[in-house]
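**Q** dropping a prediction and its sequence here:
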Amino acid sequence: MDNQQPDGEQSAGRALGDALRPLFRRMNSERSISLGKMGVLSRLANDGPDTASALSAALHISPQAINLVVRELEALGLITRTPDTADRRRLWLDITDAGRTRLALERGAGSGWLDEAVAEHLSATEQATLAAAIPVLRKLGASAPARSTEDIE
């Protein structure tokens, strides 16, 4: 598919992706765990205990990738697995206090840099324009298609 407009300009989607990519890279360079692991921790922190299969479906990640992430997060002490009292085959995953602390630290890792960059490099008018675009970006994010399993690592 061609991302060029008839007049030779990039499509808005392509231009947006090109503009956001270096920001995401810079923000993520400050983090010590993957976005996939952050997604699992965020889901458990926001929605409470869940099963691996439900997380897989909710996050659009393969069961194999979720199982790998769950093992790694458990080894780090960031989540726990508890057998269901009614069905011993089912395991409930929950975030630990250490997991909540780590999630907060990871979320803030790239934000400090971005806050400074916005304050230092954008005028007040540009900052207002950026703030006005946030609801539109959230709308796009809410309509985003399922993630691929490559996003987990």
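**A** Perfect, I can see it now.
**Q** please name the residues that touch residue 59.
**A** By Cβ atoms under 8 Å, 6 or more residues apart in numbering, the contact set of residue 59 is 36, 39, 40, 43, 66, 147. Just so you know, the C-beta spots here come from the backbone N, C-alpha and C atoms, and that holds for glycine as well.
**Q** what of residue 56?
**A** Going by Cβ under 8 Å, 6+ apart, residue 56 touches 62, 63, 65, 66.
**Q** quick one: average pLDDT of the helix ranked longest in the chain?
**A** Counting residues, the longest helix found in the chain (DSSP state H) is helix 97-121. Average pLDDT, helix 97-121: 92.
**Q** helices or strands up against the helix or strand of the chain with the lowest mean pLDDT?
**A** Least confident helix or strand, the chain: helix 12-29 with a mean of 90, by mean pLDDT, DSSP states H and E. Helix 12-29 makes packing contacts with helix 97-121 when contacts are defined by 3 or more Cβ pairs under 8 Å, 6 or more residues apart in numbering; DSSP states H and E.
**Q** so among the contacts of residue 59, which ones count as buried?
**A** Among the contacts of residue 59, the ones that count as buried by 16 or more other Cβ atoms under 10 Å are 36, 39, 40, 43, 66.
**Q** just the element for the first one, please.
**A** Put plainly, it is residue 36. Taking DSSP states H and E as the definition, one finds residue 36 inside helix 35-47.
**Q** centre of the chain versus that helix, how much separation?
**A** 8 Å (Cα atoms, centre = their mean, to the nearest Å).
**Q** between it and helix 97-121, how many degrees?
**A** Between helix 35-47 and helix 97-121, the angle comes out at 110 degrees (axes from the mean of the first three to the mean of the last three Cα atoms, to 10 degrees).
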